[in-house]
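> Fold the following for me, if possible:
(4 chains)
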There are 2 protein chains.
Amino acid sequence: MKMGLNRTTIIEMAANIADERGISNVTLKVLAAELGVKSPSLYKHFNGGLDELNKELMLYGWHSLESKITKVAIGRAKDDAIMAICYAYRNFAVEHKGLFEAMQWYNMYQSEEHLQATQGMVSVFFQVLDSYELDEEQKVHIVRMFRGFLQGFSSIESHGGYGNPLSLNESFDFALKTILNGIHDLQGGMGK
Amino acid sequence: MKMGLNRTTIIEMAANIADERGISNVTLKVLAAELGVKSPSLYKHFNGGLDELNKELMLYGWHSLESKITKVAIGRAKDDAIMAICYAYRNFAVEHKGLFEAMQWYNMYQSEEHLQATQGMVSVFFQVLDSYELDEEQKVHIVRMFRGFLQGFSSIESHGGYGNPLSLNESFDFALKTILNGIHDLQGGMGK
DNA sequence: CTATAATAGCTAATATAATTAGCCTAAAAA
DNA sequence: TTTTTAGGCTAATTATATTAGCTATTATAG
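The predicted model follows:
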C-alpha cells in the first residue's frame, strides 16, 4: 500500500524519535516501523540510507532553530533581542534533546551544507549586532563567543552535566549579562 | 597466544583510533585488529562490550583533560592561571578531536561516574577562583560559564564549524578577556 | 479514456558488526 | 606438581543496514 511518505514526513518522524526515545533509536528499523513501512522502503526517499537521513536530520534541526530565533528577534533590539535569541536557543536545546544532539553530528558531515545551515542563525546575530557600534571583527568575535557558549552550556545542561543544584537559569543569565557587559565596554559610550 | 592486554592498553588504543581514524572507527572489529586479537577476546576485558568501552573512553578522556589542566595551573594564579587552563582545554580538544568527541557522549552514560569525571576539572577552576573575592554562588556561575564556552567553542572549532576566516585565536582570546572582565567587575576593587 | 511510465511500496537475499557459548592453553598460585 | 584462573580462540547467533529485483498504484502522455 502506498503510504504517501516524503522526505519531510520522514525527517520529522526521525526528529520525534530522537526527542522521545533517544538518538540511539533513530534507526531505519524503528523509523520504518513508526511510519508503517518496511525499512528497505526508506531507500526510495533516502538513497544514501541512514547516513543521508542523519545528515538531513542535522540540517533540519539547524533550520528549525534558525526559524525559532528569527521569530523571537522580531520587534526587539539590542540586549533585549540578544537575550531573547539566547533563551530561544537554550529552550530549543532542552525541548529537543535528541534533535539537538543530532545537530552536533556535523563532524561526519562537515560540509558546505552544514556551514550554510548554521549561517542562518549567525545572520540573525549579525543583524542584531548591527545596531551596536562595533567593527566587523568585533562582531565576528562576539558571535563566535555566543555560539560557543550557547552550544556548550545547552549541551551540558541537557545532558545533566552540571551537577551543582544551583539554579541553571541564574547561571545562564549571569553568563549572558557578562557577555553583554563585554560588548558594552567595547563601545565608546554605553549602549544597552 | 596471550597478548597481555589490559583495560588501559585497550582504552588507549581506542583513543588513538578515535583521534587518527575518526570516532566511527572505534569498533570492536577495528580495535581488536589493531591490538592483534579477535574481537570476542575484548569481552574478557569489557564485559559490557562496546557500550562499556565507550563509557570508559569517555571517562579516560575527562581524566586526561583534568590532568593536563591541573599541570598547567601549577605555579600560576588568577587570570594567568585561568588563561592557561582554558588554552590547555582548547588545545586538548583540537589535538584529540576523536577523543574529545567521545567525551561528549555522556548522554548515553549520564551517571554519577561522569559527574565525578568532570568534577576533577571543575575543582581546578574552583581552586583558582578561590583567590578572587567572590561568593560561592558567583563561582558556580563562572565555572559553568567557562565550561559551557570551552566545550562549545572547542567543539565547533574542531569540527570546522566557524566558517569565517578571521583568526580563531583572536576570537578565543577575546572571549576569555570578556569573561575575565566580567569577573573583575564582580569584585569590589580590581583583581587581575 | 486508455496506454505507458515512474514511483513507492514489498519480499528475499547479502553484508557487516556485535555478541554469546563453549573450548583450550599459558600463566599463576597452591 | 597440580590446580585454578585468565585470556585467548573458533563457531554460531543476532541485529541492522543495505541491495536486488518484483509489483501495484499513481501520474502522465497521447
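> Now do the helix or strand harbouring A:F126: which elements does it pack against?
When elements are assigned from DSSP states H and E, A:F126 belongs to helix A:112-129. Of the remaining helices and strands, those touching helix A:112-129 by 3 or more Cβ pairs under 8 Å, 6 or more residues apart in numbering or on different chains; DSSP states H and E are helix A:49-73, helix A:78-95, helix A:136-158. In this view, the C-beta of every residue, glycine as well, is placed from N, C-alpha and C.
> tell me the secondary structure for A:F172?
Of the three states, A:F172 takes helix according to DSSP: H, G, I helix; E, B strand; the rest coil.
> Report the contact partners of it.
The contact partners of A:F172, by Cβ atoms under 8 Å, 6 or more residues apart in numbering or on different chains, come to A:86-87, A:90, A:153.
> Name the residues that touch the helix holding A:F126?
Here helix A:112-129 makes contact (Cβ under 8 Å, 6+ apart) with A:55, A:58-59, A:62-63, A:65-66, A:69-70, A:73, A:77-78, A:81-82, A:85, A:89, A:106, A:139, A:142-143, A:146-147, B:161, B:163.
> Give me the buried subset of those.
Members of the contacts of helix A:112-129 that pass the buried threshold by neighbour count (16 or more other Cβ atoms under 10 Å in any protein chain shown) are listed as A:55, A:58-59, A:62, A:65-66, A:69-70, A:73, A:78, A:81-82, A:85, A:89, A:106, A:139, A:142-143, A:146-147, B:161.
> what subset of the residues you listed is also close to DNA strand D?
The residues of the buried ones among the contacts of helix A:112-129 that also fall near DNA strand D, by Cβ under 7 Å from any atom of the strand, amount to none at all.
> just to revisit the earlier point, for chain B, which of the helices and strands packed on helix A:112-129 is the nearest?
With Cβ to the nearest Cβ, the closest approach to chain B among the helices and strands packed on helix A:112-129 belongs to helix A:136-158: 2.9 Å.
> Need the max-distance pair from the contacts of A:F172.
In the contacts of A:F172, the most distant members under the criterion Cβ to Cβ are A:Y87 and A:F153, with 11.7 Å between them.
> Looking at the two now, which is surrounded by more residues?
A:F153 (28 against 17; other Cβ atoms under 10 Å in any protein chain shown).
> so what pLDDT did the residue lying closest to that one once chain neighbours are set aside get?
With sequence-adjacent residues excluded and distances taken as Cβ to Cβ, 6 or more residues apart in numbering or on different chains, A:F153 is closest to B:G148, at 3.1 Å. Reading off the confidence values, B:G148 has pLDDT 98.
> for A:Q110, same thing?
A:Q110 is assigned a predicted lDDT (pLDDT) of 69.
> Any stretches of chain A with poor pLDDT?
The model of chain A has pLDDT under 70 over residues A:107-110, A:188-192.
> Quick check: the residue of it nearest DNA strand D.
For chain A, the residue positioned closest to DNA strand D under Cβ to the nearest atom of the strand is A:G49, at a distance of 2.6 Å.
> Pull the contacting residues for that residue.
Applying Cβ under 8 Å, 6+ apart, the residues near A:G49 are A:28, A:42-43.
> how about the residues of chain A near DNA strand D?
For chain A, the residues in contact with DNA strand D under the definition Cβ under 7 Å from any atom of the strand are A:1-2, A:27-29, A:39-40, A:43, A:49-51.
> Select only the buried ones of these in ChimeraX?
Entered in ChimeraX, the line below selects the buried ones among the residues of chain A next to DNA strand D, by 16+ other Cβ under 10 Å:
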select /A:28,39,50
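> Relative to chain B, which of the residues of chain A next to DNA strand D is nearest.
A:D51 (10.2 Å).
> Check the gap between the closest one and B:S24 for me.
Noted for A:D51: a distance of 10 Å to B:S24, by Cβ to Cβ, to the nearest Å.
> repeat for A:P165
Note on A:P165: its distance to B:S24, by Cβ to Cβ, is 37 Å.
> and if you look at A:K38?
Distance, A:K38 to B:S24, by Cβ to Cβ: 26 Å.
> Repeat that for A:G61.
A:G61 sits 20 Å away from B:S24, taking Cβ to Cβ as the criterion.
> Looking at these two, which one has more neighbours?
Neighbour totals were compared for A:G61 and B:S24, and A:G61 leads with 25 against 13 (other Cβ under 10 Å).
> Skipping its backbone neighbours, what lies nearest that one in space?
Going by Cβ to Cβ, 6+ apart, A:G61 has A:M103 as its nearest residue, at 4.0 Å.
> That neighbour against A:E56, yeah?
No - with contact defined as Cβ atoms under 8 Å, A:M103 does not reach A:E56; the gap is 11.7 Å.
> which one of those two has more residues nearby?
It is A:M103, of A:M103 and A:E56, that has more neighbours when counted by other Cβ under 10 Å, with 25 against 21.
> show me the contacts for the more buried one.
With contact taken as Cβ under 8 Å, 6+ apart, A:M103 is in contact with A:58, A:61-62, A:65.
> now, the most widely separated pair of these?
Most distant of the contacts of A:M103, by Cβ to Cβ, are A:M58 and A:L65, 11.0 Å apart.
> any chance of the contacts of A:M103 in CSV, with distance to DNA strand C too?
Conversion of those to CSV gives the following (distance: Cβ to the nearest atom of the strand, whole Å):
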residue, distance to DNA strand C
A:M58, 22
A:G61, 23
A:W62, 25
A:L65, 28
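> Now for the closest residue to A:V94 other than its chain neighbours, how many residues are close by?
Leaving aside its chain neighbours, A:V94 sits nearest to A:S158 (5.3 Å; criterion: Cβ to Cβ, 6+ apart). A count of neighbours around A:S158, defined by other Cβ under 10 Å, yields 18.
> ok, now A:L5?
Counted with other Cβ under 10 Å, the neighbours of A:L5 add up to 17.
> Around DNA strand C, which positions in chain A sit nearby?
Applying the criterion Cβ under 7 Å from any atom of the strand, the portion of chain A that neighbours DNA strand C consists of A:1-6, A:32, A:36-38, A:40-41, A:44-45.
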